[in-house]
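[1] got a structure for you, letters missing:
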């Protein structure tokens, strides 16, 4: 027995078990995100997250850690930081178990002026009330079971509840579960008699089927068929027809004729089909006569659906008697009671959210929803002003996003609101102990992770010292070939002339009347309000419109401001200018428009036939209706949006340059939309006439070149904007900076400069590695300084975007990529201070990242921030996580270089490359450790953000889950050295490259492929994953060659 116990201890403490646990947990969590995407989060929880085996894996991790404390000396003082990290993870796991099994979360909905103490649980419960009459006494027993169910997990849904009541053995067991359930009536000659009624409650339709000789309960209302019961709406069937005996007096309304007839309570009246019966709170229609058949529960989304409720089919057994019972309900909704009699016992069964009563009450005094200026559904913030009523105590509080109410162990968070904005929906959390334990674990984790970076005797400190010793052995300098290389990635697009003579004539007219650049620049300083409520200079609006329509930044010799001015001045001419970008490859679209296959641009006129019909109307209609549009349909949707944008620009409807005086939401409008907006006559005349007058005056001034009068009209527009729109107009410094930001377009131009300097430095470093010191070694500082200047410009660009937008520049896809690029370069500079190869490779990869940022599927436009993202938690959590992608990217680059050097090993270069590979390996471990520390801190800070924003610190959202998968992957890579057979340079470098695919999935995969909460970003279209397969092939070939070379020439 002792031998078996020792073997068990050995296995539980094995480092191989550690590896298996890392892999199993990572695979399980990753699989869970795809199950959620394919089915639902409930299915993912049943299969993975809430399963016994997943919890067992976590328990084994804890045991494995404790059994290895002594083995690896974690109890020793110099290893306390490492011990703290692992103990913190144990505390976090304990806190998670407390939350899962003892915490409570739910929702409370309150109307303005109303008071409530009822909270609907987030989880669904099966509740059973059993009754039995004993003379004058009534025996009761209540049973409840929290139950997570999904139609995707039929085998795992099985459960059974047993009890003894009134000396009878009662069993309630699972039979089936139907999501989005609805009752379907199937006619069967041998079936039972049913009568269908359609009931309306609070404007919602409910279909009910009354079975003969049974009582149907709908809340506190009962219906019967051929079984009269006092107080019920009794239907009776006779040969000559059906009768209704209602308990109350009401009326019937014949919908075809509008005839209304009184129905007296307690008296029988002939039932008529398609007549509305109205008894006050009870309203119903009998659509058809009774029929023989059976009810079948099916899954569907038709009008007969039970408000999206799910159907739970149970088998209720009392001793030897059993019956099938169906209950309807779902999470976050009170279940509809189903009553039945079995073996003389009464059963009331519900499935749905449980109603918890708070030990105090909340009163909603006021709900406030704030919008971005000029918008109707774009909310900048919303807030609930409540009053806590606790006996004689009263306490006022304000609840809004990222600002919670804590009271007596309960936390209230602003979750949502009623559509009419007259009520609020608050999330409720009651998990003081679980949250406290988890937060203690978080802070211990942060302390331990930071400590290992600064403790001299930690593994990180040891690696840094090894790198310094190795660096002393090899002084890196190198020759440089000074080539003035310029990689300008964006040139003028080829334009296919629809008719060359016509186009030349159009262009000659447009260029003849072009506005001078200096004059257009002053027009670009006017402020405009876009469709999302963002206030921006006309300069920004012009460049965004032109880029979205034509995928370019200018037209011929006209810059963006000149182009927009020309469009406003000569809309008829621009109707025939090829400007709308047509994606390559869609020949069907080109055929419909009547343009050549080579044409990249089409004029607006090509989209309409001679009768003014929209040529692609049918294709666009079908594309918008498609639930999952294919690439063909997406092309039509995209070009339709460009057509509408150009049309609105030419018509002037998109030019919201004029604030509406005294408008409560600071709405601005164009001079084409003035009716019914409350303008006074004088203001209305000004707004309607100023732009036509400006362009007329400007045209007259062209021959003389004196534009003083037209400039004076521009000044009048500016004064009008300042007078009526001063509350939302950006200040002068912000306007100046945004125009400067547009002019230099720093992130687009940095691509070529990073690439140029990076390649120069990379060539120099590689030549040095193989050729030794060269004649240009002293000039190595030139590309280095160039990279440093690029990084400085990169930093200034980010700061400028931050100031212009008013929020941290990492809230959408484009911003996060340019921030990742900045973080990657930062770590490349830090790591590459004494290692030119690392700095050069980082600059090269950074150029590739910026190139990706300017692909067509990302929109670089600055946008307003959604309310939940307007938080200091965003700046901390997202900044750290996204910045961690920098060292991970650098680690991937260094690992790839290490594999490349292994593949290049031979007898002549073995000595030089062996030292280089060792240095690369140490640098990789340093960068991956830094990345892992940052990603871990950032991910768990995200948990705190979620807990402070909406009351839960972990919900298995795909984004946070894949971040945790990435943590597991890189933790495994860092821990591989503890397993003797896995402790080698080749495997470490290979995993350093392959591990980066987890980061790609965390960022691109989740943002663009999986569904989840992290879908705030704009411009997030699906990215073609073809490059993934090609890159895996390249990595596989490189890893294979380097593996055999390393065996021949050990490093």
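    Yes, it's here. All values derive from a computational prediction rather than experimental measurement.

[2] how is the chain partitioned into domains?
    183-295, 355-432, 458-486+745-1048, 500-729 (automatic domain parsing).

[3] how about CSV for those domains, with distance to residue 735 added?
    Glycine gets a C-beta too; all of them are placed from N, C-alpha and C. CSV is the format used below for the domains of the chain (distance: least, CB to CB, whole Å):
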stretch, distance to residue 735
domain 183-295, 49
domain 355-432, 16
domain 458-486+745-1048, 9
domain 500-729, 5
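
[4] among those domains, show the one with the smallest mean pLDDT.
    Set side by side, the domains of the chain differ in mean pLDDT, and domain 458-486+745-1048 is lowest with a mean of 78.

[5] now the terminal residues of that domain, how far apart.
    34 Å (CA to CA, to the nearest Å).

[6] quick thing: my sequence starts at 58, can you match it?
    With 58 as the first residue, the last one maps to domain 515-543+802-1105.

[7] mind listing what's buried along the longest strand anywhere in the chain?
    Assignment by DSSP state E gives strand 402-428 as the longest strand of the chain. Buried residues in strand 402-428, counted by 16 or more other CB atoms under 10 Å: 402, 404-411, 415, 418-421, 424, 428.

[8] quick check: next helix or strand after the longest helix that the chain contains?
    The longest helix of the chain (DSSP state H) is helix 967-1007. The helix or strand immediately downstream of helix 967-1007 is helix 1015-1032, counting by DSSP states H and E.

[9] and that following helix, what's buried?
    Those would be 1015-1031, for helix 1015-1032 by 16+ other CB under 10 Å.

[10] now do the same end-to-end measure for stretch 882-899.
    6 Å.

[11] who touches it?
    528, 533, 535, 811, 815-819, 821-823, 825-826, 837, 840-841, 844-845, 847-848, 851, 881, 900, 903, 940, 943-944, 946-947, 950-951, 954, 973, 976-977, 980, 983-984, 987 (CB atoms under 8 Å, 6 or more residues apart in numbering).

[12] next one: that stretch to chain centre, how far?
    Relative to its parent chain, stretch 882-899 has a centroid offset of 33 Å by CA atoms, centre = their mean, to the nearest Å.

[13] then stretch 630-648?
    33 Å.

[14] same question for stretch 964-971.
    49 Å.

[15] buried set for that stretch?
    Using 16+ other CB under 10 Å as the test for burial, stretch 964-971 gives 970, 971.

[16] and what of stretch 62-77?
    70, 72, 74, 75, 76.

[17] mind telling me what element the fourth one is part of?
    Per DSSP H and E: residue 75 is located in helix 72-95.

[18] name the residues of that helix that are buried.
    Here helix 72-95 shows 72, 74-76, 78-79, 81-83, 85-87, 89-90, 92-94 as buried, counting by 16+ other CB under 10 Å.

[19] tell me the angle of that helix relative to helix 1015-1032?
    Per axes from the mean of the first three to the mean of the last three CA atoms, to 10 degrees, the angle that helix 72-95 makes with helix 1015-1032 is 160 degrees.

[20] quick one: contacts of helix 72-95?
    Helix 72-95 has contacts (CB under 8 Å, 6+ apart) with 68, 100-101, 104-106, 111, 114-115, 117-118, 121, 125, 209, 1013, 1015, 1018-1019, 1021-1022, 1025-1026, 1028-1029, 1032-1033, 1035-1036, 1039, 1055, 1058, 1063, 1066-1069.

[21] secondary structure class for the closest residue to residue 328 other than its chain neighbours?
    Spatial nearest neighbour of residue 328, excluding adjacent residues (CB to CB, 6 or more residues apart in numbering): residue 299 at 4.0 Å. What DSSP: H, G, I helix; E, B strand; the rest coil gives for residue 299 is strand.

[22] give me the neighbour count for residue 299.
    18 (other CB atoms under 10 Å).

[23] bridging residues for it?
    Beta-bridge partners recorded for residue 299 (DSSP bridges): residue 294.

[24] confirm for me that it is in contact with residue 254.
    No: applying CB atoms under 8 Å as the test, residue 299 and residue 254 come out as separate, 11.3 Å apart.

[25] between the two, what contacts are shared?
    residue 343.

[26] just list what the helix or strand hosting residue 252 packs against, helices and strands only.
    Per DSSP H and E, residue 252 falls inside strand 238-258. Other elements packing on strand 238-258 under the criterion 3 or more CB pairs under 8 Å, 6 or more residues apart in numbering; DSSP states H and E are strand 261-268, strand 278-282, strand 290-295, strand 339-342, strand 348-356.
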